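Participant: quick one, structure for this:
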Amino acid sequence: MIKYTKTHEWARIEGAEAVLGISDHAQQELGDIVFIELPQVGDKVKKEERFGTVESTKAASELFSPLSGEVVAVNEDLGDNPQWVNESPEEKGWMIKIRLTDPAETESLLDDSAYKSFISEEI
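Facilitator: The predicted structure follows:
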């Protein structure tokens, strides 16, 4: 199940872990992504705090973690293929995987319909 934040990141919950990335809406707004800065395996991320940066031909944007945890995997392939975030933001364009430190945080995230409603109000 994928959940979203109001800062346009997503989290796919997989048991005690979550895979994180940016939403399709966010990548469309950013335009062609040319560079991504991500944390290292072993780093800690905190809910609503910066975990990286994404740069596009239009702007640089900070990435904010939807959940707290320890980084257990980083999509290293994005270094050579940042366009994957544009092509497939929720599949090939995933960014990091974390081991959750507080699974209850997932309850504060938006489901698909709530996120779609949020973006329609934002436009």
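Participant: mind checking pLDDT for the residue nearest the centre of the chain?
Facilitator: Geometric centre of the chain, nearest residue: G21, 2.3 Å, by CA atoms, centre = their mean. Note for G21: predicted pLDDT of 98.
Participant: strand partners (parallel or antiparallel) of whichever strand or helix holds it?
Facilitator: Element membership for G21, per DSSP states H and E: strand 17-22. Partners of strand 17-22 in the sheet, by DSSP bridges, are strand 9-14 (antiparallel), strand 96-100 (antiparallel).
Participant: export it as PDB, just CAs?
Facilitator: This file holds the C-alpha atoms of strand 17-22, laid out as PDB (Å, rounded to 0.1, in the frame of the first residue of the first chain):
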ATOM      1  CA  GLU A  17      10.100  -1.400   6.300                       C
ATOM      2  CA  ALA A  18       9.000   1.300   3.900                       C
ATOM      3  CA  VAL A  19      10.200   2.300   0.400                       C
ATOM      4  CA  LEU A  20      10.300   6.100  -0.200                       C
ATOM      5  CA  GLY A  21      10.200   8.300  -3.200                       C
ATOM      6  CA  ILE A  22       8.500  11.300  -4.700                       C
END
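Participant: any idea how far that strand is from the chain center?
Facilitator: 6 Å (CA atoms, centre = their mean, to the nearest Å).
Participant: helices of this structure, residue ranges please.
Facilitator: Assigned by DSSP state H, the helices in the chain fall at 24-30, 84-87, 112-122.
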